[in-house]
Structures are given as C-alpha cells and as structure tokens.
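1. the following block contains a protein sequence and its predicted model.
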Amino acid sequence: MKKIILLVLLVGIGLSSCKSKKRYSDQLRTKNVQNERRNTSTESSKKVTKANLPAEPSKFIRFSIDSPSEYINTFAETAQLEMMGYGIPASITLAQGLLESGNGKGELAMKTNNHFGIKCHKGWEGDYDFHDDDEKGECFRKYNHPMYSFRDHSIFLTTRSRYAFLFNLKHTDYKGWAKGLRKAGYATDPKYPQKLIYLIEKYELHKFDKQGRKGSYQPTTAIVSNDSNNIHTVQKGDTLYSLSRKYYLSVDELMQLNNLRSADLSIGQPIKVKK
C-alpha cells in the first residue's frame, strides 16, 4: 500500500514539474517574440529617421566656400538631418565642421572633403590622402563630396563607446557636448570646447538644434524648375549640393547634365535639372 502511495506521489510531482517547465518555456517564448517585435520596431524607426544620401559622385567635387556664413548656409540642413537620424546636435556638427575644416577652406578639407579631421583608423576601406597633423604624413579619410564626411562623422561618434555618454545629454546642451568631446579625446587642444562654444554663440548655431527637433523640421522638398525645359536659374546661395537636394539628383548627375568641370556656380547661370 505504501509503495502505491509513493508511486502516485512521484507521478504527481513529475506531472507538476512538466507543467512548470512548459509554463516557463511558454513564458520565455512569449518574451522572445516581444523582444523581436520591439527590435524590429526600433530598426524600422531608425530607417525612417536616418535620411538616405544621394548617390555618391564618381569623381571628387571641390567645394569653394568663401565665408563662415556661406558654410553654414550650405551645410545647415545636412547637420539637422544628421541630428534627426543620429542624435548629434546640429550646432556641434556645424561648429566642428567650421573649426576642423577652416571654414571649408583648409588644406585638408580642400583636398579630401574631410570636414572633421577624421583619420583613417583601423578598418577604414574608403579613399584616403596624407596630411601633416600631430605627426607628419598622417592618413586621413577622403570623400568625393562633403555630405559623406558629415555622415561619416555621425557614424564615427555613434559607433565608438567612448562617446556613448554624450548621448545621455539633451540635444540642446551644446556646452555639455563641446566639453564631452574634449573629455572623450576627439581633440588634443585643451581649448577645443571653448572654441566650439564661441563659434556656436557667434553664429547662433544653437537655433538649428531647436529647428531640427524630430517632428518640427521638414527637409527641403523638390521644387518646380523655372520653365518647361527643366532649367533652374542660379540664385544667391545656390550650390550644386542644394540643387541636388531640391531636384533629387546627385551632384555627379548635375555636373554631367551641364558639362560642368567644377562645383562653382554664378548667379543667373542656367542649370539643367529634372522634375
């Protein structure tokens, strides 16, 4: 009799254990599904906010920038789009670009379109050139168009752990970002934060941080060309890059359409575009 009771108890414990394992397995499966859905949602969100760049020009485009204000007018929208996609304040991106590229007129910027002084580093597979910096003949990344330098700058900061703490700051805290970049080792100059803050406040670059908040900023949309022949007449402030954004063409396509040998434009110049 005792053996029968003991057998019944063992069977009951076994069934209870199986139910517990099944319940735990079901809970784990449900949790995994929820995590997959959450990750898929997050990835979809990133795809929406990170603006795709136009096709990269097949040849190097030399940019002629005459002043800090022209630099800001040329690249402000790019900096805002990068902020929306990667969370880096547009004011910081513009200030770094101004400082590192010498307002777009520095030797490194002119020969590489590298506006942020990013060196080749291990694993870089893109084009490059050599330039004297901390040491003689250092390897720097090279781009056919500056907008790819801006995108690489965003990727550079978001994929290195030493900059991770910066993304806990508000996107309007340009002072915190300026000091944090120096702390993380972006530059060796001890006055690097003060220089960035000076440029931001002098040119009121912080206004682009507010305008560029998600949901409040709309990128420039395509406009209708000046006549039925798809001709755009160059206005003050127009650049090949700004026209490529307006008409959804790459800079390379614009240059080929118009047989241009450089990126320089003149006010009143007719430029062939597509609708």
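-> Cool, got the structure. Numbers count the residues shown, from 1 in each chain.
2. show residues contacting stretch 54-72.
-> Residues from elsewhere that reach stretch 54-72 (CB atoms under 8 Å, 6 or more residues apart in numbering): 74, 94, 97-98, 101, 103-105, 110, 113, 142-148, 203, 205, 237, 239-241, 244-245, 248-253, 255, 262-264. Placement of C-beta: from N, CA and C, glycine included.
3. if you set the cut-off to 7 Å instead, what comes out?
-> 74, 94, 98, 103-105, 110, 113, 144-146, 148, 203, 244, 250-252, 262-264 (CB atoms under 7 Å, 6 or more residues apart in numbering).
4. strands of the stretch 51-200 of the chain, start to end?
-> 128-131, 138-141 (DSSP state E, counting those that start in this stretch).
5. hey, which of those strands is tucked in deepest?
-> strand 138-141 (a mean of 18; mean count of other CB atoms under 10 Å).
6. how far does that one sit from its chain's centre?
-> Counting by CA atoms, centre = their mean, to the nearest Å, strand 138-141 is centred 20 Å from the centre of its parent chain.
7. one step back: nearest to Gly268, out of the strands of the stretch 51-200 of the chain?
-> When those are compared for distance to Gly268 using CB to CB, the nearest one is strand 128-131, at 35.0 Å.
8. partners of the closest one in the sheet?
-> strand 138-141 (antiparallel) (DSSP bridges).
9. got the contact list for the strand it pairs with?
-> Contacts of strand 138-141 (CB under 7 Å, 6+ apart): 108, 112, 114, 118-120, 124, 126, 128-131, 152.
10. and the two most separated of the residues you listed?
-> The widest separation within the contacts of strand 138-141 (CB to CB) is 18.0 Å, between Phe130 and Asp152.
11. so for Ser44, what's the pLDDT?
-> Ser44 carries a pLDDT score of 36 in this model.
12. swap in Pro190?
-> 94.
13. quick one on the thing from earlier: using JSON lines, please lay out the contacts of strand 138-141 together with distance to Tyr86 and pLDDT.
-> Listed next are the contacts of strand 138-141 as JSON lines, based on distance: CB to CB, whole Å; pLDDT from 0 to 100:
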{"residue": "Leu108", "distance to Tyr86": "23", "pLDDT": "93"}
{"residue": "Thr112", "distance to Tyr86": "22", "pLDDT": "95"}
{"residue": "Asn114", "distance to Tyr86": "18", "pLDDT": "95"}
{"residue": "Ile118", "distance to Tyr86": "15", "pLDDT": "93"}
{"residue": "Lys119", "distance to Tyr86": "20", "pLDDT": "92"}
{"residue": "Cys120", "distance to Tyr86": "21", "pLDDT": "93"}
{"residue": "Trp124", "distance to Tyr86": "19", "pLDDT": "87"}
{"residue": "Gly126", "distance to Tyr86": "19", "pLDDT": "89"}
{"residue": "Tyr128", "distance to Tyr86": "23", "pLDDT": "93"}
{"residue": "Asp129", "distance to Tyr86": "25", "pLDDT": "93"}
{"residue": "Phe130", "distance to Tyr86": "29", "pLDDT": "94"}
{"residue": "His131", "distance to Tyr86": "26", "pLDDT": "89"}
{"residue": "Asp152", "distance to Tyr86": "11", "pLDDT": "95"}
